[in-house]
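Q: need a structure here:
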Amino acid sequence: MKRFVTGTAAGVLALGILTAGCEADSSPSTVVKGPSLDPAVKQQIDSSCEFYNNILEYVDDEHFNGKTTVPQSEIAAAAMQSMLKNAYWKTGLDPVNGEMDKSLVNIVKDEQSEKETIQSLKVGTETVTYAEPHTAMKNYVDHCAYLQPAVVAIAEQTDISIKRLFEYAVEGALHSAFDPHTSYAFAEESDNFQISMNGEFGGLGIVVGMEDGVVKVQEPPMEGTPAEANGLMANDLIIKLDGETVRGKTLNEAVSLMRGKVGTDITLTVQRGDAEPFDLKVTRDKIIVHAVKGELIGENNDSVYFKVKTFSRRTLDDFIDEANRLRKLAAENGNQIKNIIVDFRGNGGGLLPQAKAISDILIDAKKSDKVPLVAIGKTHEDDVTYAERVVRGNLKSFFPGAEVKVLQNGGSASASEIVAGATKDFGISVYGTRSFGKGSVQTVLPVNDEGKGTRTESEIAGTLKVTVAAFFPGKSGLSNQGSGVIPTTQVVYNDTRDDIETKRTREAGLEKALISAERTRAGNTPQFTCSLKAEFAGPLSEDKAAAIPAYIVREVNILNEEEKKLEKQKFVDADLDCAMDGQYTETTPYAAPKPGV
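A: Modelled structure (predicted):
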């Protein structure tokens, strides 16, 4: 057991008091002196307090809405709750059955707000008891003395470091005081973020998730990767990494262990079906994650289809590479291309410059036309980027005479909405359902152990994302914040997918979502409704799916209510069929739903 104090610690710690450590501005009557700290521990506390304070003050200075108006005591309480909840998740998991030990924690749920508050948490031989912070708190420095007793108790009784506990506190404070897209990521998560933006890393070449506490390979390994060469298969369970069980680890932690320097080895213990587990020694290699995948589709291969998965630094280059490949393939086969279909469904966004570039390449405009792609700032007149100013030329030069069409759904967010809004305003048809509704821009700041910005890789202790601007896509000057982008053609599936889209959480449903300062696209309506024909609605049987062209069949994860698991089911891709004027859907002029009686 780590010993952090020179006196004897009490068995139950009340957290609503101020003790020695970071100085707090309070009346003498609120200060209760606790046991003196070991100098080394006090130094860790003080440096972590500085880290906490610097991050929150930076966000106050840079945030789109300016300094938070949330009371300091409310922010401090959220910081404490975040710390307690994360400590519980790190220490309360039973590695054998994969379940949380509920005897360690006392949680009270407010019946009206349904908000849960940890009242006490047992860590080792100590019980940490929550108390409300003093309402006289004036600034973030005051939080430190309030947090310190819990930090010392948890750090002493567990393997969680003082620095990590303050990082948990930062998470809670940001969530309480600012919008949902202002956030902090730990160092290991920062690495994953950079990888997702760069589109390459040292790893194995598999897409994984967590199932029943272990890592599950969700898809066949990527072609030409170490995972494929070593025979890993979809649905394999990875139960150990270099001999250490994955139970008790988060998905991010497991992924971080599987990634690493190119040329290094890792041993995976694999469970395949009911067979005995076996070990695979795999050598990591450079894995390139392409942001765009294209193919020729249609009965006569007369349409080009681009799936844009994310907006990483590779997106524009991948898009152009795929366009060149498909143009050459179409020419070799003598295909006359009629449709250019660009699919942003499920694309949650990414880098702003890439969103501008993809918008530009889809819009057929001259530089002299001054067609707005997007404005960044407080209003639609701030920092406007125009077509032909980012990318010279456009996609129609690859496929003359073809019509560009865009697909989106409720999972299309941020950068995807910039493209959808800009293209729709230009007259390009957008098919699907209303997009997510995130109309804000974040700056990404790697920070060091002091909570200050750094570009030195070895100094990066975490990454801070701060909402600094709104965006206004297209020439309409309308924000999509909260409202989303309304499609030109609203797609109706006539099956469970309608419920999924209706119930999907969108920006407007998030706590503390921004309220755009200008007009939004709320109130806009589609021009058309495209409905899946009744005989093709719902999950497809294997025989029925086999009778439909493969390009128009789409796998969708559907929740099995009985087993509480996601299952892949096959459906007719109604969005794509609508865009191709296919035989499985029918299009009519849009009619607004009649108000309920």
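
Q: what about Asn324, which SS state?
A: At Asn324, secondary structure determined by DSSP: H, G, I helix; E, B strand; the rest coil is helix.

Q: That one: neighbour count?
A: 12 (other C-beta atoms under 10 Å). In short, each C-beta sits where N, CA and C put it, glycine included.

Q: show me the contacts for Asn235.
A: Lys216, Val217, Arg272 (C-beta atoms under 8 Å, 6 or more residues apart in numbering).

Q: okay, those in JSON lines with pLDDT, secondary structure and neighbour count next?
A: As requested, those are arranged in JSON lines below (pLDDT from 0 to 100; DSSP: H, G, I helix; E, B strand; the rest coil; neighbours: other C-beta atoms under 10 Å):
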{"residue": "Lys216", "pLDDT": "93", "secondary structure": "strand", "neighbour count": "18"}
{"residue": "Val217", "pLDDT": "92", "secondary structure": "strand", "neighbour count": "22"}
{"residue": "Arg272", "pLDDT": "92", "secondary structure": "coil", "neighbour count": "15"}
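
Q: where along the stretch 201-350 of the chain do the strands fall?
A: Per DSSP state E, counting those that start in this stretch, the stretch 201-350 of the chain carries strands over the ranges 208-211, 214-217, 237-241, 244-245, 265-271, 278-283, 285-288, 292-297, 303-308, 339-343.

Q: Adding distance to Phe472, write the ones you listed out as TSV.
A: Formatted as TSV, the strands of the stretch 201-350 of the chain follow (distance: least, C-beta to C-beta, whole Å):
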stretch	distance to Phe472
strand 208-211	36
strand 214-217	41
strand 237-241	45
strand 244-245	50
strand 265-271	46
strand 278-283	47
strand 285-288	34
strand 292-297	25
strand 303-308	21
strand 339-343	21
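
Q: Which among the ones you listed is found nearest to Arg455?
A: Relative to Arg455, the nearest member of the strands of the stretch 201-350 of the chain by C-beta to C-beta is strand 285-288, separated by 23.5 Å.

Q: ok, and for that closest one, which residues are buried?
A: Within strand 285-288, the residues that count as buried by 16 or more other C-beta atoms under 10 Å are Asp285, Ile287.

Q: Enumerate every residue touching the residue lying closest to Arg519 once chain neighbours are set aside.
A: Residue nearest to Arg519 in three dimensions, not counting chain neighbours: Leu478, with 5.6 Å by C-beta to C-beta, 6 or more residues apart in numbering. Neighbour list for Leu478: His380, Gly421, Phe472, Glu518, Arg519, Thr520, Arg521, Asn524 [criterion: C-beta under 8 Å, 6+ apart].

Q: repeat for Lys424
A: Lys424 sits in contact with Val406, Val430, Gly474, Val485, Pro487, Thr488, where contact means C-beta under 8 Å, 6+ apart.

Q: Wait, the fourth one touches Arg521, no?
A: Yes. With the criterion set as C-beta atoms under 8 Å, Val485 and Arg521 qualify as a contacting pair; they are 6.3 Å apart.

Q: Next, show the common contact partners of those two.
A: With C-beta under 8 Å, 6+ apart as the test, Val485 and Arg521 both reach Gly421.

Q: Could you check which of these two is surrounded by more residues?
A: Val485 (31 against 26).

Q: Let me see the contact set for the more buried one.
A: Gln408, Ser412, Glu417, Ala420, Gly421, Lys424, Val430, Arg434, Ser435, Pro473, Arg521.

Q: Closest one to Cys49 out of the contacts of Lys424, please.
A: So of those, ranked by how close each gets to Cys49 (C-beta to C-beta), first place is Val485, at 43.3 Å.

Q: and the gap between the closest one and Gly474?
A: 9 Å (C-beta to C-beta, to the nearest Å).

Q: Between the two, which contacts overlap?
A: Gly421, Lys424.

Q: picking that back up, separate out the buried members of the contacts of Leu478.
A: Buried, going by 16+ other C-beta under 10 Å: His380, Gly421, Phe472, Glu518, Thr520, Arg521, Asn524, out of the contacts of Leu478.

Q: With adjacent residues omitted, what lies nearest to the second one?
A: Leaving out its chain neighbours, the residue that sits closest to Gly421 by C-beta to C-beta, 6+ apart is Pro473, at 2.9 Å.

Q: hey, where'd the strands end up in the stretch 1-150 of the chain?
A: Using DSSP E, counting those that start in this stretch, strands in the stretch 1-150 of the chain cover 12-14, 105-109, 116-123, 126-129.

Q: So what are the sheet partners of the longest one and their directions?
A: Paired with strand 116-123 in the same sheet, following DSSP bridges, are strand 105-109 (antiparallel), strand 126-129 (antiparallel).

Q: about what we covered before: can you put the contacts of Val485 in TSV and add pLDDT, secondary structure and distance to Val289?
A: Shown next, in TSV, are those (pLDDT from 0 to 100; DSSP: H, G, I helix; E, B strand; the rest coil; distance: C-beta to C-beta, whole Å):
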residue	pLDDT	secondary structure	distance to Val289
Gln408	98	strand	22
Ser412	96	coil	19
Glu417	98	helix	22
Ala420	98	helix	23
Gly421	97	helix	26
Lys424	98	helix	28
Val430	98	strand	26
Arg434	97	coil	28
Ser435	97	coil	23
Pro473	97	strand	26
Arg521	91	coil	32
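
Q: Next up, the contacts around the residue nearest the centre of the chain.
A: Nearest to the mean C-alpha position of the chain, by C-alpha atoms, centre = their mean, lies Gly348 at 6.9 Å. Shown in contact with Gly348 (C-beta under 8 Å, 6+ apart): Thr310, Gly411, Ser412, Ala413, Ser414, Ser416, Phe436.

Q: Read off the pLDDT value for the spatially closest residue to the fifth one that is not a sequence neighbour.
A: Going back to what we said before, that points to Ser414. Counting by C-beta to C-beta, 6+ apart, Ser414 lies nearest to Gly349, which is 2.9 Å off, once chain neighbours are set aside. Looking at Gly349, its pLDDT reads 94.

Q: if I look at Gly349, how far off is Thr525?
A: 25 Å.

Q: Show me what Thr283 bridges to in the sheet.
A: According to DSSP bridges, beta-bridge pairing links Thr283 with Asp265.
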